[in-house]
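J.: the sequence isn't on hand, but the structure is:
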């Protein structure tokens, strides 16, 4: 057993211990904090699995943005008294434990019995990379070989934001999401919200741009841009726009819309839906990605802000 | 015990814990957290399969990686929608559990938002 | 030459890990929020700085080295801000009681 395997066993043990703690701790707020730490450890595991793009996405979205979402919800729900009668009895607990153990055992058996000859698409991806002249194979798969999945994912994001907006009460329909945040103008949060966003925006755009040839990409960059926007909103330096505003809705639709247009363009030229013409492949992909970054940043920020709560007087 | 086996067993365990937490915790926010734990375990299984598919100079098969990136974003949007629903339930009913107790009194939404 | 670099890396990263350990022990053993914050920020900033210092000889180019240093500076900024915010909230809660 090498040192690397020993390190991985320790990492897995810490991560699973943290997972168990997150499930069983009494306070909901502590569970949210535990989940954030868990997410960062999972990002470390992704680096050990040699999947750096996924590690970046997990750290940014799975650990960072999900954590903010859960912490905010846990803070708002703090006053709620849990109804003691709804705690599950011993029989339910035993049945749940049995189901969980069976599922985990089945998956573990599947892992241990994986066949020796491994089917893999990596050589195919590398062999076809000449078509887009992008060096990052994951970006190639996301934006060229499985571009349909990415486009449908943008539509899913749009559906999620429509779902969140539809939860507004009648009086707040079309209004601004979330409460108006106030912070001491001489205080440190405002200082951070003035200092960090310029740096964060540069880093976000850099991670998006370098995703063409190195680990990175539109999702990771968009998550960083969204978090800079949210920082400014939380410090009270700017307010969330009303959800009925036209330019906001245009930004949200721009990503999937441009993707769809390029797809129809490919259909019109002949080869098929989302077939990029050979000479235009890289500019088209980069153009779609620019629209995608803006849409992702806006959508993630709005998903975090929640349903509209303040009405807008016309 | 190779890397792949260690992380594969870890993913299976994470799925087990997430499933247990999802079923037994009465609080809805805890269920959402457990659901995310379950999701991370499934994604790690994808990563393990991809790691076994290292070839052609890349350490991890890029196709499962792309699926997982898509999956993480979709799971986040599902979590956001679930939390928006939970906050609305709390606003309308004052509870954070789906109890089968007395039916909630219908309170009208406060004016002005 | 690369042996000297590896020795520097191992020494600095081990020292950084020791400071992280000290910070965590402080977090677990100190009695209240303010002292725990003190232990965390002092130990973790120094620990992160030593880890970055240890990784600098392994960085391939000047640009990668500058990226590592910027990570440390951003970590310092975030840690300082968050510890100030937590400390102010803790102080406000104390005086309110």
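T.: Thanks, I have it. Being a predicted model, the structure only gives us computed values, none of them experimental.
J.: wait, residue A:157 sits on residue A:299?
T.: Yes - Residue A:157 is within contact range of residue A:299, at 4.7 Å (criterion: CB atoms under 8 Å). Using the backbone N, CA and C atoms, a C-beta is placed for each residue, glycine as well.
J.: okay, now residue 59: neighbour count?
T.: This is for chain A. Other residues near residue A:59 come to 19 when the count uses other CB atoms under 10 Å in any protein chain shown.
J.: oops, chain B please
T.: By the measure other CB under 10 Å, the count of residues near residue B:59 is 15.
J.: now do the contacts for the residue lying closest to it once chain neighbours are set aside.
T.: Leaving aside its sequence neighbours, residue B:59 sits nearest to residue A:50 (CB to CB, 6 or more residues apart in numbering or on different chains; 3.1 Å). Residues in contact with residue A:50 (CB atoms under 8 Å, 6 or more residues apart in numbering or on different chains) are B:51, B:54, B:59-60.
J.: backbone dihedrals for residue A:50, both of them.
T.: Main-chain torsions, residue A:50, degrees, to the nearest 10: phi 70, psi 20.
J.: still on that earlier bit, now do the shared contacts for residue A:157 and residue A:299.
T.: Common contacts of residue A:157 and residue A:299 (CB under 8 Å, 6+ apart): residue B:77.
J.: so residue A:179, which of the three states?
T.: Put simply, residue A:179 is coil when judged by DSSP: H, G, I helix; E, B strand; the rest coil.
J.: who's in contact with it?
T.: A:309-310.
J.: look up how far chain C lies from it.
T.: 18 Å (CB to the nearest CB, to the nearest Å).
J.: would you list the phi and psi of that residue?
T.: For residue A:179, the backbone dihedrals (degrees, to the nearest 10) come out as phi -80, psi 160.
J.: same deal with the one 10 residues further on?
T.: In this entry, residue A:189 is assigned phi and psi values of phi -70, psi -40 (degrees, to the nearest 10).
J.: what's the burial count for residue 11?
T.: No chain in the question, so chain A it is. Other residues near residue A:11 come to 18 when the count uses other CB under 10 Å.
J.: wait, chain C was what I had in mind.
T.: Applying other CB under 10 Å, we find 13 residues neighbouring residue C:11.
J.: one more: residue A:283?
T.: 10.
J.: what of the one 5 residues further on?
T.: Summarising burial for residue A:288: neighbours were counted as other CB under 10 Å, giving 25.
J.: roughly how far apart are it and chain B?
T.: Distance, residue A:288 to chain B, by CB to the nearest CB: 15 Å.
J.: centre of the chain to the helix or strand encompassing that residue, how far?
T.: For residue A:288, the element it lies in under DSSP states H and E is helix A:281-305. Distance of helix A:281-305 from the chain centroid (CA atoms, centre = their mean, to the nearest Å) equals 12 Å.
J.: now for that helix, which elements pack on it?
T.: The contact analysis (3 or more CB pairs under 8 Å, 6 or more residues apart in numbering or on different chains; DSSP states H and E) places helix A:281-305 against helix A:66-76, helix A:147-165, helix A:188-209, helix A:218-234, helix A:246-269, helix B:62-93.
J.: so for it, mean pLDDT?
T.: Averaged across helix A:281-305, the pLDDT comes to 93.
J.: likewise stretch A:157-165?
T.: Throughout stretch A:157-165, pLDDT has a mean value of 95.
J.: close to chain B, is it?
T.: Yes - Stretch A:157-165 lies within reach of chain B by CB under 8 Å from any CB of the partner chain, at A:157, A:160-161, A:163-164.
J.: before we move on, back to that, return the distance of the residue nearest to residue B:59 relative to residue A:226.
T.: 27 Å (CB to CB, to the nearest Å).
J.: what number of residues lie near residue A:189?
T.: Neighbours around residue A:189, by other CB under 10 Å: 21.
J.: quick check: it touching residue C:81?
T.: Yes - counting by CB under 8 Å, residue A:189 does reach residue C:81; the two are 7.0 Å apart.
J.: what residues does chain C have near chain A?
T.: Counting by CB under 8 Å from any CB, chain C comes close to chain A at C:74, C:77, C:81, C:84-85.
J.: 10 Å instead, please
T.: C:67, C:70, C:73-74, C:77-78, C:80-85, C:88 (CB under 10 Å from any CB of the partner chain).
J.: wait, what's in contact with residue 27?
T.: All of this refers to chain A. Shown in contact with residue A:27 (CB atoms under 10 Å, 6 or more residues apart in numbering or on different chains): A:33-34, A:74, A:78.
J.: to clarify, I was referring to chain C.
T.: Contacts for residue C:27 (CB under 10 Å, 6+ apart) come out as C:35-37, C:39-40, C:43-44.
J.: and which of these is nearest residue A:62?
T.: If you rank the contacts of residue C:27 by distance to residue A:62 using CB to CB, residue C:44 comes first, at 22.6 Å.
J.: nearest spatial neighbour of the closest one, skipping sequence neighbours?
T.: residue C:23 (5.0 Å).
J.: gap between that neighbour and residue C:16?
T.: Distance, residue C:23 to residue C:16, using CB to CB: 11 Å.
J.: so what sits against both of those two?
T.: Listed as contacting both residue C:23 and residue C:16 by CB under 10 Å, 6+ apart are C:43-44, C:46-47.
J.: where does the residue nearest to residue A:59 when sequence neighbours are not counted fall, phi/psi-wise?
T.: Among residues not flanking residue A:59 along the chain, residue A:43 sits closest, at 3.9 Å (CB to CB, 6+ apart). Dihedral angles of residue A:43 (phi, psi; degrees, to the nearest 10) stand at phi -60, psi -40.
J.: could you do the one 5 residues further on as well?
T.: Its backbone dihedrals place residue A:48 at phi -60, psi -30, with angles given as degrees, to the nearest 10.
J.: so it makes contact with residue B:6?
T.: Yes - Residue A:48 sits in contact with residue B:6 when judged by CB atoms under 10 Å, with a separation of 9.3 Å.
J.: hang on, the earlier thing: of the contacts of residue A:27, buried ones?
T.: Among these, those classed as buried by 16 or more other CB atoms under 10 Å in any protein chain shown are A:33-34, A:74.
J.: got any ranges where chain B has weak pLDDT?
T.: Filtered on pLDDT under 70, chain B yields the residue ranges B:1, B:99-113.
J.: ranges for the helices of chain C?
T.: With DSSP state H as the criterion, chain C has helices at C:2-29, C:33-55, C:62-96.
J.: going by neighbour count, list what's buried in the shortest one.
T.: Residues of helix C:33-55 classed as buried under the neighbour-count rule (16+ other CB under 10 Å) are C:36-37, C:39-55.
J.: do the longest one as well
T.: Of the residues in helix C:62-96, C:65, C:68, C:72, C:79, C:81-84, C:86 count as buried by neighbour count, 16+ other CB under 10 Å.
J.: near chain B, from those?
T.: Within the buried residues of helix C:62-96, nothing lies near chain B by CB under 10 Å from any CB.
J.: what sits closest to residue A:220 if chain neighbours are left out?
T.: Nearest non-adjacent residue to residue A:220, counting by CB to CB, 6+ apart: residue A:56, 4.4 Å away.
J.: residue of chain C closest to chain B, please.
T.: Closest to chain B within chain C is residue C:60: 17.7 Å, counting by CB to the nearest CB.
J.: chain B versus the residue nearest the centre of chain A, what's the distance?
T.: A centroid search over chain A (CA atoms, centre = their mean) returns residue A:61, at 3.6 Å, as the residue closest to the centre. In this view, residue A:61 and chain B are 5 Å apart by CB to the nearest CB.
J.: for the helices and strands packed on helix A:281-305, which one ends up most surrounded?
T.: The highest mean neighbour count among the helices and strands packed on helix A:281-305, using mean count of other CB atoms under 10 Å in any protein chain shown, belongs to helix A:218-234: a mean of 23.
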